[in-house]
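Student: sequence and predicted structure below; questions after.
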Amino acid sequence: MARPGSYDYDIALLSDFRYPGGTSVSLAEEIKAQAAGGYTTALVPAQSPHLTRKRRFHSQIISCVQAGMAEMVAPDQALRVRALVIRHPAIFTRDPALAPRVD
């Protein structure tokens, strides 16, 4: 855990990284830009209730993680971040199975 007054990451992106199109592609571009700017990024996965078919994380998201541009964290891991970005409102049409713990 972070020391008082410090942060675990600069930015946390909370989304369902299984989206097959624009949401994941734009997140991947944000991750690349944040890494290029020297920001640390945590990816907090959420399960969207309307994506019922089994899917993997989008390939561009996986590529960013493998390249070290962002780190995947457990959905219920306690984090302190400077900014939290939540992408795609359908994620919260129902209460999440694991509540995010991002401060």
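Tutor: Looks like it arrived, so ask away. Numbering: from 1, shown residues only.

Student: test of understanding: give the bridge partners of residue 78.
Tutor: Beta-bridge partners recorded for residue 78 (DSSP bridges): residue 101.

Student: tell me how far it lies from residue 100.
Tutor: 10 Å (Cβ to Cβ, to the nearest Å). Where C-beta positions appear, they are placed from N, C-alpha and C, glycine not excepted.

Student: lowest average confidence, helix or strand, in this protein?
Tutor: strand 101-102 (a mean of 85; mean pLDDT, DSSP states H and E).

Student: ok so, going back, quick one, which of residue 78 and residue 100 is more surrounded?
Tutor: Between residue 78 and residue 100, residue 100 has the larger neighbour count (other Cβ atoms under 10 Å), namely 18 against 13.

Student: so which elements touch the least confident helix or strand of the chain?
Tutor: Contact here means 3 or more Cβ pairs under 8 Å, 6 or more residues apart in numbering; DSSP states H and E; on that basis strand 101-102 packs against strand 78-79.

Student: elements contacting the strand it packs on?
Tutor: strand 101-102.

Student: contact partners of the strand it packs on?
Tutor: Strand 101-102 has contacts (Cβ atoms under 8 Å, 6 or more residues apart in numbering) with 12, 14, 44, 76, 77, 78, 79, 80, 81, 84.

Student: let's have those residues in CSV, adding pLDDT and distance to residue 24.
Tutor: Listed next are the contacts of strand 101-102 as CSV, based on pLDDT from 0 to 100; distance: Cβ to Cβ, whole Å:
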residue, pLDDT, distance to residue 24
12, 96, 16
14, 93, 13
44, 94, 14
76, 86, 22
77, 92, 21
78, 94, 25
79, 95, 21
80, 96, 26
81, 96, 20
84, 93, 18
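
Student: quick check on these: which are buried?
Tutor: Neighbour counting by 16 or more other Cβ atoms under 10 Å classes 12, 14, 44, 79, 80, 81, 84 among these as buried.

Student: nearest to residue 57 among the residues you listed?
Tutor: Nearest to residue 57, judged by Cβ to Cβ, of these is residue 44 at 12.5 Å.

Student: for residue 56, which non-adjacent residue is spatially closest?
Tutor: Closest residue in space to residue 56, ignoring its immediate chain neighbours: residue 18 at 6.7 Å, by Cβ to Cβ, 6 or more residues apart in numbering.
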